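Asks: Build me a structure from this.
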Amino acid sequence: MSRQPTWDLACGLQAEMFKAIPPESALDVQLLYFRGFGECRNSKWVRDANALSRLMTGIECRGGHTQIRKVFSHAKAEHGKQRLNAVVYIGDAIEEDVDMLAQRAGELGLLKCPLFLFQEGSDQRVEAAFRDFARLTKGAYARFDSNAPAQLADLLKAVAAFASGGRTLLGQQKSASAKALLEQLR
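Replies: Below you'll find the model as predicted:
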């Protein structure tokens, strides 16, 4: 339930991702969410902002523990079918064994599947774990303030640019968020 305000924000900002890529490029996005008692679902792959918006507005947040392990496992399975250029995870808590999650992140790193982890809030334990997951996958970490929606929009646009055009297209983004993510990528 703590995620509903941020989910609502993301629903309003998701179209920004598609604006960050050149018209001749494509961005395929799959939405994966968890909620309640063990519920974890993924959508079909979509290629435009309207389709993603329809998927997102049909979902409501419910209380429950984090299921980051399932997110990482799903990313690994999808990457086995077709290369994923980026995985974005947005969260504010970790209620799972961090060492086990680090192992899963390391497995994604070996597959060259970068994680971009965006933290809402300032929990130092969450920050340390998210930074470690990003390091293990050669991805990036950023904290954002849900009261500053442009900041999350810039982060989503930066990852979309990276996913569709690599470091080159990410480097063409002008936001401070894009520059901060680029600096972390090795």
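Asks: so who does Gln14 touch?
Replies: 49, 52-53, 56, 156 (CB atoms under 8 Å, 6 or more residues apart in numbering). Every residue, glycine included, has its C-beta placed from N, CA and C.
Asks: Reformat those residues as CSV; add secondary structure and neighbour count.
Replies: Below are these laid out as CSV (DSSP: H, G, I helix; E, B strand; the rest coil; neighbours: other CB atoms under 10 Å):
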residue, secondary structure, neighbour count
Ala49, helix, 16
Leu52, helix, 21
Ser53, helix, 15
Met56, helix, 17
Leu156, helix, 25
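Asks: so which two of those are the farthest from each other?
Replies: Using CB to CB, the pair of the contacts of Gln14 lying farthest apart is Ser53 and Leu156, separated by 13.2 Å.
Asks: now the helices for the protein?
Replies: 4-13, 15-19, 49-57, 68-81, 98-110, 124-137, 149-171, 176-184 (DSSP state H).
Asks: Of those, flag the one that's most buried.
Replies: helix 149-171 (a mean of 21; mean count of other CB atoms under 10 Å).
Asks: For that helix, which helices and strands make contact with it?
Replies: helix 4-13, helix 15-19, strand 87-91, strand 115-120, strand 140-144, helix 176-184 (3 or more CB pairs under 8 Å, 6 or more residues apart in numbering; DSSP states H and E).
Asks: next one: that helix to chain centre, how far?
Replies: Its chain's C-alpha centre and that of helix 149-171 lie 11 Å apart, by CA atoms, centre = their mean, to the nearest Å.
Asks: got a list of contacts for that helix?
Replies: So helix 149-171 is contacted by 9-10, 12-14, 16-22, 25-27, 85-86, 88, 90, 116, 118, 142, 144-146, 172-173, 175-178, 181-182, 185 (CB under 8 Å, 6+ apart).
Asks: Report the helix or strand with the lowest average pLDDT across this protein.
Replies: helix 15-19 (a mean of 68; mean pLDDT, DSSP states H and E).
Asks: which residues touch the residue of the chain positioned farthest from its centre?
Replies: Distance from the C-alpha centroid of the chain peaks at Glu24, with 23.2 Å (CA atoms, centre = their mean). Under the criterion of CB under 8 Å, 6+ apart, Glu24 has no contact partners.
Asks: going forward can the numbers begin at 248, since that is how I track them
Replies: OK, 248 is where the count begins now, so the last one is Glu271.
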